[in-house]
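*Asks:* Based on what follows, work out the 3D shape:
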Amino acid sequence: MNHRAFAPNGAVHAPSYYAVSVNRELAFEPLQGEQRADVCVVGGGFSGLNTAIELAERGLSVILLEAHRIGWGASGRNGGQLIRGVGHDVEQFSKIIGEEGVDELKRMGFEAVDIVRQRIERYAIDCDLTWGYCDLATKPRHLKGFDEEYSDLLRLGYPHPLQRVSRPNLVTVVGSQRYLGGLLDMGSGHLHPLNLALGEAAAAQSLGVRLFEQSAVERIEYGPQVKVHTAQGVVHADNLVLACNAYLNGLQPKLAGKVLPAGSYIIATERLPEPLCRELLPQNMAVCDQRVALDYFRLSADGRLLFGGACHYSGCDPQDIAAYMQPKMLEVFPQLVGIGIDYQWGGMIGIGANRLPQIGRLAEHPNVFYAQAYSGHGLNATHLAGRLLAEAIAGQQSSGFDLFAKVPHPTFPGGPALRSPLLALGMLWYRLKDRF
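*Replies:* Numbering: from 1, shown residues only. The predicted structure follows:
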């Protein structure tokens, strides 16, 4: 079933379990008339909100424009998994940034989670933050990868408890026979993402950020000062931040060509009895497997299993998400046969060709900054991006921003018409590899 949460101004959150379990109601009016700020941020998800917070904490004036509602996109719909790391296979960039640069990227992946922790603590955001996460293996090669990652995390000085979990002991983590072992991490965890986004919007507002919903940007005039046009207003700003990710559309074609919107889907069961919750996830951890088309799941604070997965590049969503996802859930947890599905939803994540978040500025417009393409790792990486963007805009030395900006990001081939079909074929190949 689908549910909608309405604001006093009539706008709605995207339908999801999160939308009907928010713990605060925030509504912001559309932009009207002309306004001025040091920085205009486009996008009311985690990237935009955290850039705005970091800028305001540094004393800059900020206007944030959101086309729909705060947290309407992936920020308010995702699996709620807060996992260390940024990017995938960052060793591939060693020829560009060196081994030291690769290690810095990895350590920034630790910092990203800490930023979320700090943000929640500083602004007293109630979002069901729970620590504990486990990577799960379905193939022997995954176990070898866990051993290598465990050693690498120790080498880098990862400050949180880690544990390799053998198959006989995996019952203490997950009540499924599907997996061969795991890597447990107490420095990662899970939370309610929409409540986090709304809490961060309230924090931004308390710092003086001017937030506007239902304010889709229609046109940008570039120059030493940018002019950002919506249907009913204009923002004049010294700097512009584009934080739209998979929903950038045609607003900035050069950036849009470097990110591929891909669909991901989640179902939420009915409330489960406490003994069944303890059977499924005895330590209430978030978990993911290691396949390209992975499964990810966790328990909600009110005792539902939130089960997500799939990654559709085709642009075609399943007609019935529950019918599509429930068999996947039952492959993992056959004991849930007969359990009802109360909520189903999906959304778009932004995928980059090299799977590293794209954080930088436009060469032809040096006062225009951007962050996008988190490739499914956005809950923490968006918070890191906000800090790095704010450091760069405020004129602070930012080795992290400079490091990300050094990495080139290919444009997807084929243009808008062909890139999704080509990537869908690529995904089919990886799914076949996952079977062997």
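*Asks:* so where do the strands sit in the stretch 51-200 of the chain?
*Replies:* 62-65, 81-82, 130-137, 162-166, 181-190 (DSSP state E, counting those that start in this stretch).
*Asks:* Mean pLDDT for the ones you listed - can I get that in JSON lines?
*Replies:* JSON lines is the format used below for the strands of the stretch 51-200 of the chain (pLDDT from 0 to 100):
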{"stretch": "strand 62-65", "mean pLDDT": "99"}
{"stretch": "strand 81-82", "mean pLDDT": "98"}
{"stretch": "strand 130-137", "mean pLDDT": "99"}
{"stretch": "strand 162-166", "mean pLDDT": "98"}
{"stretch": "strand 181-190", "mean pLDDT": "99"}
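*Asks:* Can I get those in a markdown table including mean neighbour count and distance to Arg291?
*Replies:* Placement of C-beta: from N, CA and C, glycine included. Formatted as a markdown table, those follow (neighbours: other CB atoms under 10 Å; distance: least, CB to CB, whole Å):
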| stretch | mean neighbour count | distance to Arg291 |
| --- | --- | --- |
| strand 62-65 | 28 | 36 |
| strand 81-82 | 25 | 15 |
| strand 130-137 | 23 | 10 |
| strand 162-166 | 15 | 18 |
| strand 181-190 | 23 | 14 |
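*Asks:* how about the ones you listed, which one is nearest Ala243?
*Replies:* Ranking those by proximity to Ala243 (CB to CB) places strand 62-65 first, at 8.8 Å.
*Asks:* List the neighbouring strands of the closest one plus their orientation.
*Replies:* Strand pairing for strand 62-65, using DSSP bridges, gives strand 33-42 (parallel), strand 210-212 (parallel).
*Asks:* Minimum distance to Lys254: which of these has it?
*Replies:* Nearest of the strands paired with strand 62-65 to Lys254, taken as CB to CB: strand 33-42 at 15.1 Å.
*Asks:* related to what we said a few turns ago, output the strands of the stretch 51-200 of the chain as a markdown table; include the columns distance to Arg387.
*Replies:* Listed next are these as a markdown table, based on distance: least, CB to CB, whole Å:
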| stretch | distance to Arg387 |
| --- | --- |
| strand 62-65 | 14 |
| strand 81-82 | 16 |
| strand 130-137 | 21 |
| strand 162-166 | 25 |
| strand 181-190 | 18 |
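*Asks:* Could you list which residues are in contact with the nearest residue to Ser188 once chain neighbours are set aside?
*Replies:* Residue nearest to Ser188 in three dimensions, not counting chain neighbours: Tyr133, with 3.6 Å by CB to CB, 6 or more residues apart in numbering. When contacts are counted by CB atoms under 8 Å, 6 or more residues apart in numbering, Tyr133 touches 81-83, 184-186, 188-190, 285-287.
*Asks:* just the strands paired with strand 62-65: most buried one?
*Replies:* Most buried of these, by mean neighbour count (mean count of other CB atoms under 10 Å): strand 210-212, with a mean of 21.
*Asks:* Could you check how far the following helix or strand past that strand is from the centre of its chain?
*Replies:* Heading C-terminal from strand 210-212, the first helix or strand you meet, by DSSP states H and E, is strand 217-221. Its chain's C-alpha centre lies 25 Å from the corresponding centre of strand 217-221 when counted by CA atoms, centre = their mean, to the nearest Å.
*Asks:* For strand 217-221, which strands pair with it and how are they oriented?
*Replies:* Sheet pairing of strand 217-221 (DSSP bridges) gives strand 226-230 (antiparallel).
*Asks:* just checking, next helix/strand downstream of the partner strand?
*Replies:* By DSSP H and E, the next helix or strand past strand 226-230 is strand 233-242.
*Asks:* mind listing what that next one pairs with, with the direction of each?
*Replies:* strand 33-42 (parallel), strand 226-230 (antiparallel), strand 365-372 (parallel).
*Asks:* What segments of this structure are helices?
*Replies:* Along the chain, counting by DSSP state H, helices occupy 46-57, 94-122, 140-155, 193-206, 253-256, 274-280, 321-332, 378-393, 399-406, 415-434.
*Asks:* Reformat those helices as TSV; add mean pLDDT, mean neighbour count and distance to Ser75.
*Replies:* Listed next are those as TSV, based on pLDDT from 0 to 100; neighbours: other CB atoms under 10 Å; distance: least, CB to CB, whole Å:
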stretch	mean pLDDT	mean neighbour count	distance to Ser75
helix 46-57	99	28	4
helix 94-122	98	17	12
helix 140-155	98	14	27
helix 193-206	99	24	5
helix 253-256	92	16	18
helix 274-280	99	15	26
helix 321-332	97	17	19
helix 378-393	98	26	7
helix 399-406	97	18	20
helix 415-434	51	13	22
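*Asks:* of the strands of the stretch 51-200 of the chain, which approaches Tyr296 most closely?
*Replies:* Smallest distance to Tyr296 across these (CB to CB): 5.9 Å, for strand 81-82.
*Asks:* what's next to the closest one, contact-wise?
*Replies:* Here strand 81-82 has contacts from 113, 116, 129, 133, 188-191, 286, 288, 296, 298, 379-380, using CB under 8 Å, 6+ apart.
*Asks:* Return the distance of it from the chain's centre.
*Replies:* For strand 81-82 - counting by CA atoms, centre = their mean - the centre lies 9 Å from the chain centre.
*Asks:* In its sheet, which strands sit next to it, and in what direction?
*Replies:* Sheet pairing for strand 81-82, assigned by DSSP bridges, gives strand 181-190 (antiparallel).
*Asks:* Alpha carbons only: can I get the partner strand in CSV?
*Replies:* Extracted in CSV, the C-alpha atoms of strand 181-190 (Å, rounded to 0.1, in the frame of the first residue of the first chain):
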residue,chain,number,x,y,z
GLY,A,181,30.3,-15.4,7.1
GLY,A,182,30.5,-11.7,7.8
LEU,A,183,32.5,-8.7,8.8
LEU,A,184,31.0,-6.9,11.8
ASP,A,185,31.5,-3.1,12.3
MET,A,186,30.4,-1.3,15.4
GLY,A,187,31.3,2.1,13.9
SER,A,188,28.5,1.9,11.3
GLY,A,189,24.8,1.5,11.9
HIS,A,190,21.3,2.6,10.8
